[in-house]
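Asker: Here is my input; please provide its structure:
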Amino acid sequence: MVKTFNKAVKILLFTNGFILLAAAMIGPIYAFFVESVGGNLLDASLTGAAFAFATGITLLAFGKITDQIKRKYLLIVIGYALMGIGYLAFIWVDSLLTLLIVQIIIGIGGAIYAPAFDALYSLNLNNRRKGFGWGTWEAMSQFAIAIGSIIGGLIATYYGFPLLFLAMALLCFISAIYILLNPKPLL
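Answerer: The predicted model follows:
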C-alpha cells in the first residue's frame, strides 16, 4: 500500500491550517475593524492593496532566496512568527497609518513562508498522489476559511477585536513553535 502523506506533509498541513484559520478570522469583518479605527471602505481597500503589494514584492524576493537555503523550514518559522507579531500588533492599531504598517508586516510574513512551504510540501508529496496531496491542501484551506470566518465573527461579536487578534497571533505562534521544535521531518 502506498503511503499518502508522510510526517512532513502532515506537519505542514496541520500548521498551515492554523495559519489559514487565523487569517480567515479577520477576513469577513475587516471593514468593521477599519471603521473602528476611523477608516472607511476605501481605507479598507487601500490597506488591503498595501498588504497584497507588499506580499507580491516579497514573494518575488523570497522565491529566489528559498531556492538557495538548505533549511527551508526556518523561513516558514520566520514567516509564521512575523504574521503572529502582525496579528498581535492589530491590538494597538489606532490609526490608518499603523494599520497600513501592520498589514505590510503581515503580508511580508506570509510572503516569507509561502515559497518555502510550497517547496517543502511539493518535495514531500507522494509522486503518485501529487494531485490528491494538493487537493487535500486546497480543501483544508477552504475548510479553514469557513471555520475561521465563523470563529472570528463570534469572537469579535461577543468578546471584541483584541481577543480576536490575540487568538490569531496564538495560532501563528503555535505553528511557528511546532515547526521549530519538529524540524527533522522537514529536512
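Asker: all contacts plus neighbour counts: C-alpha atoms, from now on.
Answerer: OK.
Asker: neighbours of P183, just the number please.
Answerer: Counted with other CA atoms under 10 Å, residues neighbouring P183 total 16.
Asker: Against A50, how distant is the residue nearest to it when sequence neighbours are not counted?
Answerer: Nearest residue to P183, sequence neighbours excluded (CA to CA, 6 or more residues apart in numbering): Y73, at 6.9 Å. Distance of Y73 to A50, given as CA to CA, to the nearest Å: 27 Å.
Asker: where do the helices sit along this protein?
Answerer: 7-26, 30-36, 41-68, 73-89, 96-124, 130-159, 161-181 (DSSP state H).
Asker: out of the ones you listed, nearest to L187?
Answerer: Taking CA to CA, helix 73-89 is the member of the helices of the chain nearest to L187, at 7.6 Å.
Asker: tell me how far that closest one is from the chain's mean position?
Answerer: The chain centroid and the centroid of helix 73-89 are separated by 8 Å under CA atoms, centre = their mean, to the nearest Å.
Asker: Run through who's touching it.
Answerer: 19, 66, 102-103, 105-114, 116-117, 120, 165-166, 168-173, 175-177, 179-180, 183, 186-187 (CA atoms under 8 Å, 6 or more residues apart in numbering).
Asker: Dump it to CSV, restricted to CA.
Answerer: The C-alpha trace of helix 73-89 is given here as CSV (Å, rounded to 0.1, in the frame of the first residue of the first chain):
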residue,chain,number,x,y,z
TYR,A,73,11.7,25.2,7.3
LEU,A,74,13.3,28.2,9.1
LEU,A,75,11.7,30.5,6.5
ILE,A,76,8.3,29.0,7.4
VAL,A,77,9.0,29.6,11.1
ILE,A,78,10.1,33.2,10.5
GLY,A,79,7.1,33.9,8.3
TYR,A,80,4.6,32.4,10.7
ALA,A,81,6.1,34.3,13.6
LEU,A,82,6.1,37.5,11.7
MET,A,83,2.5,37.1,10.9
GLY,A,84,1.8,36.4,14.6
ILE,A,85,3.6,39.6,15.5
GLY,A,86,1.5,41.4,12.9
TYR,A,87,-1.8,40.0,14.2
LEU,A,88,-0.8,40.8,17.8
ALA,A,89,0.1,44.4,16.7
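Asker: mean confidence for that helix?
Answerer: For helix 73-89, mean pLDDT is 98.
Asker: Okay, now the unreliable bits of this protein?
Answerer: For the chain, applying pLDDT under 70 flags the ranges 1-2.
Asker: Could you rerun that using 80?
Answerer: For the chain, the stretches flagged by pLDDT under 80 are 1-4, 127, 187.
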